[in-house]
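Peer 1: here you go, sequence then predicted model.
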Amino acid sequence: MTRIDFYILEHGGPEQGPQVACRVAEKAWQAGHKVYIHAADAREAERLDELLWTFRQGSFVPHQRLEAGTPADALTPIHIGWGTEPEVHDEVLINLAAEVPLFFSRFERVAEIVPADDSAKQQGRARYKFYRDRGYPLETHTLTQG
């Protein structure tokens, strides 16, 4: 059964979510996992693509932004997409969208990032309730820094 981890940010605005997603993706990749980052839209996917090169001094996180008509490279450990189910990777899903992705259950783990702003918290609570009501194992991690 898919394990769900909620990362609750105590400080900062919505811009902190992508920063945390990059850190979670890097840690998962370093542990040998394949990762799919589910962005809210194309603009956020593009921002994540850039951020994965710059979020930390000296970072190198190999990734591919998935775009229509471009096949996913199964050898690239981190994919960034939005709107549709990924073609490959089913180990770690990092969700930055407001809703639960319909394909979440094919992944071993889901990381739900919840920024500190009120709107994001409400959306995070709705996702938490969705998973809880369906019996998924839930873990909550409160992050005091972005």
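Peer 2: Right, received. Where do you want to start? Worth saying up front: this structure is predicted, and the values here are computed from it rather than measured. Numbering: from 1, shown residues only.

Peer 1: what strand or helix carries the residue positioned nearest the centre of the chain?
Peer 2: Geometric centre of the chain, nearest residue: Ile94, 1.9 Å, by C-alpha atoms, centre = their mean. Using DSSP states H and E, the secondary-structure element containing Ile94 is strand 92-95.

Peer 1: ok, that strand: who's next to it in the sheet?
Peer 2: Using DSSP bridges, the strands paired with strand 92-95 in its sheet are strand 35-39 (parallel), strand 109-114 (parallel).

Peer 1: shaky segments in the protein?
Peer 2: Low-confidence segments of the chain (pLDDT under 70): 14, 145-146.

Peer 1: can you give me the helices for it?
Peer 2: Across the chain, reading from the start of the chain, the helices by DSSP state H fall at 16-30, 42-54, 118-133.

Peer 1: can you redo those helices as TSV with distance to Leu143 and mean neighbour count?
Peer 2: The way it works is simple: take the backbone N, C-alpha and C, and place the C-beta from them, glycine included. What follows is the helices of the chain, written out as TSV (distance: least, C-beta to C-beta, whole Å; neighbours: other C-beta atoms under 10 Å):
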stretch	distance to Leu143	mean neighbour count
helix 16-30	7	20
helix 42-54	17	16
helix 118-133	13	14
